Every structure is written in C-alpha cells, then in structure tokens.
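Enquirer: only geometry, no sequence info:
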C-alpha cells in the first residue's frame, strides 16, 4: 500500500496528463456548442394596432359641468357638439352607439298636448263604467272606484289600494307632473320645484300599470262571457286610449330638452 503522499502525487500526474491529451471530435455536438450556436430568432412581426379615429374630444372631468352628458349604457361623459343646439338634433354615443338624446323642434308643445289629452281620458276612465253585466235582467255597472271599494269590503285592503293606485292615482301624478313642467316652460317661466317634480315623474312612470289593468279586464270578460252578458263601457275605451297616449308621452319627452328650456327660462 503506497503512502498517502505518493498516492496524491500519482493522482495529480494523471489529471495533468489527461489535460494534455488532444481533444477528440465527438460524433455529435456538445451541449455547450448546441446552446451557443443557437441564436434567438425574432418573433413574427404582428400588424400594428390601429386605434379608431377620435370622434369626439375628451371632455375634462368636471363634476359641475352641465354640458356633459353621461351615456346610459357605458357611462361615457360626452360633450355635445355645437350642432346639437339646432331645434331638431340627436346624438349617439361614440363608444357604444347608444342614443344620448333626441330632440324635436316642438317637443314641449307635443308633450303638453298629449298630457292634456291623457288627463281627459283619465277622467273618462274613472267616471264611467268599465264593464256592464246583465245577469237575469239585472244590470250591474262596474267602475274602478266601485271595484276598489268592493275589494276593501271583502277584507282585501292591500289589493284595493294597489288597484286604485296603479290605475288612477299614479297615472294622475304622472300626467299632472308633465303638465306642471311643460306649461310654464312654454311661456318662458321656470316651474316651481322643477327638480323635485321631475324626480317624482321619473319615479311614478314605472308604477303606472294601465296596460296591466286592461289585460286583466280582458281576461275577466272572457271568463264571464258564459255566465252573463258582458258589455264594455266607455271607461274601457278610455283606458285603451290612455295606454296609447301615455306610451306616446314617454317616447317623445326628452329630459335634456326640459332642462335646456329651464336654463333658458326666466325666474
């Protein structure tokens, strides 16, 4: 057994001789050669992103700027163009294409005329019978107030109040609010409590269910047809016409036109 010093000297000589041997070519490239010869290839060039042309000038974020209009669909703040001051104008949202506003030349006059017609129809619908029943020679006239009173007597006060509110009180509140807002503006005067009345109008509109009442009457007439002779009354026609007039009012009334007329009116 060789001493420890001799063994260390032997290992050192062997490593030196191995380093001095000529390098032989391998049949395949080494791992370092493979990675060193590979150069990063550039990714395929993507087409440049083309942004849509600016259809409007971004408005500054001013909280108290009355000229800004918020889109109901995407909440984009848009400043109306100068051409929108014309009597007949409409604008679309440049982002989503939703309708921002639509104004006609005589929207206030048309709204007031339809509101007056709706008020007359509402009075007719509540003053005259809705249907008349002829049962074995006895004639029974049914009105809105009579139906609500009968429901109250049958221990259904909630249903009675709901019928009376959705067919008479809330439509009267909606029609009265429209007349209150448009009549002074046509004469260049600002109506008292404009903001509160306008909020009341927007809150009352979803609860005016004249069309639901008409549908219920038609279903009842079909079910009672084989029990008695059912004759539609003048109020039935009044409610049908009232439904159409209220739909026309909601389609032509424009909040922007009301606010613009309020700003131009005097105290």
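Expert: Nice, I can see it. If you're wondering where the values come from, they're calculated on a predicted model, not measured in any experiment.
Enquirer: what about the nearest residue to residue 207 once chain neighbours are set aside, which helix or strand?
Expert: Counting by CB to CB, 6 or more residues apart in numbering, residue 207 lies nearest to residue 170, which is 4.7 Å off, once chain neighbours are set aside. The way it works is simple: take the backbone N, C-alpha and C, and place the C-beta from them, glycine included. Assigned by DSSP states H and E, residue 170 belongs to helix 170-186.
Enquirer: Give me the below-cutoff pLDDT ranges for the stretch 101-250 of the chain.
Expert: Regions of the stretch 101-250 of the chain meeting the criterion pLDDT under 70 cover residues 103-106.
Enquirer: thinking again about what came up before, counting by contacts, list what the helix holding residue 170 packs against.
Expert: The helices and strands touching helix 170-186, judged by 3 or more CB pairs under 8 Å, 6 or more residues apart in numbering; DSSP states H and E, are helix 107-127, helix 194-204, helix 234-252, helix 255-264.
Enquirer: Pull the residues that contact it.
Expert: By CB atoms under 8 Å, 6 or more residues apart in numbering, the surrounding residues in contact with helix 170-186 are 108-109, 111-112, 115-116, 118-119, 122, 190-191, 194, 197-198, 200-201, 204-205, 207-208, 210, 242, 246, 249, 253, 258, 261-262, 265.
Enquirer: Out of these, which end up buried?
Expert: Using 16 or more other CB atoms under 10 Å as the burial test, the contacts of helix 170-186 include 108, 111-112, 115-116, 118-119, 122, 191, 194, 197-198, 200-201, 204-205, 208, 210, 242, 246, 249, 253, 258, 261-262, 265 as buried.
Enquirer: Could you dump the helices and strands packed on helix 170-186 into a markdown table with distance to residue 177 added?
Expert: What follows is these, written out as a markdown table (distance: least, CB to CB, whole Å):
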| stretch | distance to residue 177 |
| --- | --- |
| helix 107-127 | 9 |
| helix 194-204 | 4 |
| helix 234-252 | 11 |
| helix 255-264 | 11 |
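Enquirer: so which of these gets nearest residue 68?
Expert: Closest of the helices and strands packed on helix 170-186 to residue 68 is helix 255-264, at 11.6 Å (criterion: CB to CB).
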